[in-house]
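Undergrad: need the 3D shape of this:
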Amino acid sequence: MTDHDDDHADHEHHPHGEDEEGRVTSPMQEFTTGQVGIGFVVLLVGLAVTFGVPLLF
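TA: Numbers count the residues shown, from 1 in each chain. Prediction:
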């Protein structure tokens, strides 16, 4: 057999907790007013394509 039969007892190869203090996920990041404006324009274009184009035909 291999020399790593008991890998489940060794938790040191995946440390948790200590290194994740500086990690920032997307919902926690700040955003600017310009980014909100771009998102709103993308929303309007998407709605126009989704609902406006079918209404033309």
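Undergrad: for the protein, which residues score under the pLDDT cut-off?
TA: Residue ranges of the chain with pLDDT under 70: 1-21, 24, 26-27.
Undergrad: show me the strands in it, by range?
TA: Secondary structure of the chain (DSSP state E): no strands located.
Undergrad: quick one, helices of it?
TA: 33-47, 53-56 (DSSP state H).
Undergrad: now those helices as a markdown table including mean neighbour count and distance to residue 22?
TA: The C-beta positions use only the backbone N, C-alpha and C, and glycine is treated the same way. Listed next are the helices of the chain as a markdown table, based on neighbours: other Cβ atoms under 10 Å; distance: least, Cβ to Cβ, whole Å:
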| stretch | mean neighbour count | distance to residue 22 |
| --- | --- | --- |
| helix 33-47 | 10 | 23 |
| helix 53-56 | 7 | 45 |
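Undergrad: export these to TSV and tack on distance to residue 25?
TA: Formatted as TSV, the helices of the chain follow (distance: least, Cβ to Cβ, whole Å):
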stretch	distance to residue 25
helix 33-47	17
helix 53-56	36
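Undergrad: so which of those helices is nearest residue 23?
TA: Ranking these by their distance to residue 23 (criterion: Cβ to Cβ) puts helix 33-47 first, at 21.2 Å.
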